[in-house]
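Enquirer: Could you look at this predicted model? Sequence included:
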Amino acid sequence: MKRTFWIYIIPLLLLFAVTLPHLDQGDFRVETAHYGAVGLQAWRNPSLFWSLHEHPAVPYFNKPPLVFWIHGLLLHLFGITLAVVRIPTILAAAGCVLLTVSMTRRLMGRASALAAGSILALSYEFFRRTREISLDMWQLLFMLAAAALWIAAAHTRRRHWAWLAGIPLGLALLCKPLLAFLVPCIFISWYFIGPSFKFLRVRDFIGFLVMTLTIALPWHLSMAILHGELFINQYFGHEVVQRMQGHINNKPIWYYAVENGKTYWPWMILLVYGIARWMRGTVSRHHRNALTLALIWIVAWAVVITLFPDKRPRYALPLYPMLAILGGYGLATLPWHGLRRLYRRKLGITSIVIMIVAFTISVLPIRFQSPPDPALSALVEWAGGQNPATVYSAALSAVDESMLYIKAGYWPAPLSSRVHPPAGSLLIYTDTLDPKPNPDALCIFQKGPYRVVRQ
C-alpha cells in the first residue's frame, strides 16, 4: 500500500517541480490572452455565456466552450494573474499523469506505472503546455479518463465502466471539435487486435457512444439551431474542413518526426529499448494488452496528425502518455539492480529530494520565459486611462484586443467599412497590419509597432 501511494506521488512531484517554479513569469500570450478574454467575458456577461463571443457583438464559433468556462471562471473569481490562468492547465496535466499511472498500474504493475508517470511528467513537449491555456491538454485529460474507464471495464468485467467512459469522451468533444471521435476507433481496434479482454459486446459500444453523444450533442445542436449557417460554416467549415485542406497552416508530412526527434530525449532511448524488449522477449498477457493499446493509440494519432496538413507541436500532445507507457516498460525492465533497489526501498527519500530541488529552483533568480512586451504593456497602460467609448481597434490582432480586455477592462470597438467613429475618437493601429493611419492624423501615442491617432 505504501509503495502504491508513492508511485502516484512521485510523478506528481516531478510535474510540479517543472511547472510551479516561477509561475508568474512571462505574460498572457497568443491563445492564453485570446482564450482567457473570451472565457472571462462569458462569466462577466451571462448573455454571452452559452454562445461565446470575442467582442460583445462578435460571436466566437471556433471552439467548444468547456475550457473557456473553466479558465474564465477562475479568472473571474480570483483575479487576472498568470498563476490563476496557468494553474488549471497544470491540474489538467496532473490528471493526465495520474491517469497514465493508474492505467499502467492496472495492466503492467507498479514499477512500470511509476516509470511511465515520471516519464510523462518530464516530457518537455508535455509539461511546457502548462504555461498556457491548452485546449489540447484538457481534451487529452478527458480522453485518458475514457481510456481508463474502458480499461477498468475490460479488466474487471464490469460493463457499466465501459458505458461511463462515454461521459469524459463527451467532455473531450466539448474541448475541441471532433478529434476525440478517434478514441472509439482505437478501442474497437484494441478489442480485435488485443490478446484478451473480449467479453464486451456491441451493446456496450453502443451504450458508450450514446453516453458520449448525450454529453456532447446539446451544445452543438443548440448552436446550430441558434446561429444556423454562421455557426456551421465557421465551426465545421473553417475549423475542420479548411484545416484538413491545409488552408490554415500547411507543414510537411515529416514535421512531427523531426519535432519529436529534437525534443523527446532522453526518453527516446527507453522507448526504443522497451519496444525492442517487447518484440524479442516473453511478455505476460497483461503487459501485452497495455503495450498493444499504447501502440494502437500512438499509430492512430500519429497517422491522423501527420496526414492533417495543419501541424503544430501541441497537436502531438495525445502521443505522450502512450509513449510514456512504452518508455516506462523499458525503464522498469532495465537489468539494473541499483534501480530496483531504489524502487523497493527509497521512494520516500526520492520524493524529498525532488521537493528540495523544486524549492531551490523556485527561489533562484532563473528566467524561464521572456518578460512582457514593453510596447504592448505601454499600450495597455495608456488604454486603461481612456474612455472605452472613444477607443477603436483600427488594425489590432485578436490577441492584442484580448490583452486590452484582460488588462484594461474593455474591448476596443472593432472598426470596419460599416463603422464610422465620431470625431475625436481614438484609433489604434499596428505597423504590421492593414489598414494604415492617415499620414495627416494627429498621433497621440506611439510605442514600438503601436500607434494611436485621433479621428
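Expert: Sure, I can see it.

Enquirer: gap between the helix or strand where Ser102 lies and the chain center?
Expert: Ser102 belongs to helix 82-108 when assigned by DSSP states H and E. Distance of helix 82-108 from the chain centroid (C-alpha atoms, centre = their mean, to the nearest Å) equals 11 Å.

Enquirer: pretty sure Leu74 is touching Arg86, no?
Expert: No: applying C-beta atoms under 8 Å as the test, Leu74 and Arg86 come out as separate, 10.1 Å apart. (Glycine included, C-beta is placed from N, CA and C.)

Enquirer: With neighbour numbers in mind, choose between these two.
Expert: Using other C-beta atoms under 10 Å as the criterion, Leu74 and Arg86 rank with Arg86 on top: 22 against 18.

Enquirer: Report the buried residues of the helix holding Ser102.
Expert: 82, 84-90, 92-108 (16 or more other C-beta atoms under 10 Å).

Enquirer: And for stretch 301-314?
Expert: Neighbour counts over stretch 301-314 (16+ other C-beta under 10 Å) mark 301-302, 305-306, 308-313 as buried.

Enquirer: what separates it from the chain centre, distance-wise?
Expert: 15 Å.

Enquirer: thinking again about what came up before, would you list the buried residues of stretch 301-314 in TSV and tack on secondary structure, distance to Leu12 and pLDDT?
Expert: Below are these laid out as TSV (DSSP: H, G, I helix; E, B strand; the rest coil; distance: C-beta to C-beta, whole Å; pLDDT from 0 to 100):
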residue	secondary structure	distance to Leu12	pLDDT
Trp301	helix	25	95
Ala302	helix	28	93
Ile305	helix	28	91
Thr306	helix	32	89
Phe308	coil	32	82
Pro309	coil	37	79
Asp310	strand	33	78
Lys311	coil	31	83
Arg312	coil	27	87
Pro313	helix	24	88
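
Enquirer: Dump the residues you listed into TSV; add distance to Ile119 as well.
Expert: Below are the buried residues of stretch 301-314 laid out as TSV (distance: C-beta to C-beta, whole Å):
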residue	distance to Ile119
Trp301	17
Ala302	18
Ile305	20
Thr306	22
Phe308	26
Pro309	30
Asp310	28
Lys311	24
Arg312	23
Pro313	18
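
Enquirer: So which of these is the closest to Ser402?
Expert: Arg312 (19.3 Å; C-beta to C-beta).

Enquirer: And the closest one, how close does it get to Leu396?
Expert: Distance from Arg312 to Leu396, counting by C-beta to C-beta, to the nearest Å: 23 Å.

Enquirer: now swap in Phe236 and tell me
Expert: Phe236 is 28 Å from Leu396, by C-beta to C-beta.

Enquirer: These two - which one has more neighbours?
Expert: Ranked by neighbour count (other C-beta under 10 Å), Phe236 and Leu396 place Leu396 first, with 22 against 16.

Enquirer: My guess is that one contacts Pro412. True?
Expert: Yes: using C-beta under 8 Å, Leu396 is in contact with Pro412, at 6.7 Å.

Enquirer: what sits in contact with each of the two?
Expert: Shared contacts of Leu396 and Pro412 (C-beta atoms under 8 Å, 6 or more residues apart in numbering): 404, 428.

Enquirer: And the chain, what are its domain boundaries?
Expert: Split into domains by automatic domain parsing, the chain comes to 2-363, 374-454.

Enquirer: which of those sits most buried?
Expert: Mean neighbour count (mean count of other C-beta atoms under 10 Å) peaks for domain 2-363 among those, with a mean of 18.

Enquirer: Just give the closest residue to Ala115, not the sequence neighbours.
Expert: Sequence neighbours aside, Gly328 is the residue nearest to Ala115 in space, at 3.6 Å (criterion: C-beta to C-beta, 6 or more residues apart in numbering).

Enquirer: tell me the angle the helix or strand where that neighbour lies makes with helix 82-108.
Expert: Assigned by DSSP H and E, Gly328 belongs to helix 319-332. Following axes from the mean of the first three to the mean of the last three C-alpha atoms, to 10 degrees, one obtains 50 degrees for the angle between helix 319-332 and helix 82-108.

Enquirer: Dump helix 319-332 to PDB, restricted to CA.
Expert: The C-alpha coordinates for helix 319-332 follow below in PDB (Å, rounded to 0.1, in the frame of the first residue of the first chain):
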ATOM      1  CA  LEU A 319       1.000  10.800 -28.200                       C
ATOM      2  CA  TYR A 320       3.000  11.400 -25.000                       C
ATOM      3  CA  PRO A 321       1.100   9.300 -22.400                       C
ATOM      4  CA  MET A 322       1.300   6.200 -24.500                       C
ATOM      5  CA  LEU A 323       4.900   6.900 -25.500                       C
ATOM      6  CA  ALA A 324       5.500   7.100 -21.700                       C
ATOM      7  CA  ILE A 325       3.900   3.700 -21.200                       C
ATOM      8  CA  LEU A 326       6.200   2.100 -23.700                       C
ATOM      9  CA  GLY A 327       9.200   4.000 -22.300                       C
ATOM     10  CA  GLY A 328       8.100   3.200 -18.700                       C
ATOM     11  CA  TYR A 329       8.100  -0.500 -19.700                       C
ATOM     12  CA  GLY A 330      11.600  -0.200 -21.000                       C
ATOM     13  CA  LEU A 331      12.800   1.600 -17.800                       C
ATOM     14  CA  ALA A 332      11.100  -0.900 -15.500                       C
END
